[in-house]
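Colleague: got a predicted structure plus its sequence, pasted below:
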Amino acid sequence: MISKIKTIKLKKINEKNGSLVAIEFKNNKILIPRRIFQVYSGANKIRGKHAHKKSSQLLICNYGEIEVLSPDGKNKVSNTLKKTNIGLLIPPMIWSELIYKKKKSILTVVTDSYFSEKDYIRNFKEFILKSKAK
């Protein structure tokens, strides 16, 4: 399951007066966006701690540094997001814990579904049972 996590390099354009990072969804194979939101947190704060049953998410660190831990009960994958042009694609049924490493880190999340509490698995033991059943 955790082998399905993918790092996505986003198009970055550097100019004399700044940089632009773009995600175009017209002909992409990443996901079709339905919802975009931002999460702000401070150093050493942990967020996430859940999995989604059906939703995929693209995580992009806009500022700071965020470590994404994805355990599956046996193995654990760690990815650190700190470049604005690198996204992390988290498919459904992947547990994720986000550790905000720097003060005022900002995460943008692009997801392929609208918010539904029914899509969340917030208990790790329940997640392990459901992931083994699949």
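Modeller: Alright, I've got the coordinates.
Colleague: name the nearest residue to the residue nearest the centre of the chain, sequence neighbours excluded.
Modeller: For the chain, the residue lying nearest the average C-alpha position, counting by CA atoms, centre = their mean, turns out to be residue 59 (3.3 Å). Closest residue to residue 59 apart from its sequence neighbours, by CB to CB, 6 or more residues apart in numbering: residue 88 at 4.5 Å. For glycine as for every other residue, the C-beta is placed from the backbone atoms N, C-alpha and C.
Colleague: same question, residue 39
Modeller: Per CB to CB, 6+ apart, closest to residue 39 is residue 107, 4.6 Å.
Colleague: all strands of the chain, in order?
Modeller: 6-9, 11-15, 18-22, 35-41, 45-52, 57-63, 66-71, 76-81, 86-90, 96-100, 105-111, 120-121 (DSSP state E).
Colleague: coming back round to it: so who does the residue nearest to residue 59 touch?
Modeller: By CB atoms under 8 Å, 6 or more residues apart in numbering, residue 88 lies in contact with 5-8, 58-60, 68, 79, 81.
Colleague: would you reformat those residues as a markdown table and include distance to residue 128 and pLDDT?
Modeller: Compiled in a markdown table, the contacts of residue 88 are given as follows (distance: CB to CB, whole Å; pLDDT from 0 to 100):
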| residue | distance to residue 128 | pLDDT |
| --- | --- | --- |
| 5 | 17 | 93 |
| 6 | 22 | 93 |
| 7 | 25 | 93 |
| 8 | 27 | 90 |
| 58 | 25 | 96 |
| 59 | 22 | 98 |
| 60 | 28 | 97 |
| 68 | 18 | 98 |
| 79 | 21 | 97 |
| 81 | 25 | 98 |
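Colleague: noted, bye for now.
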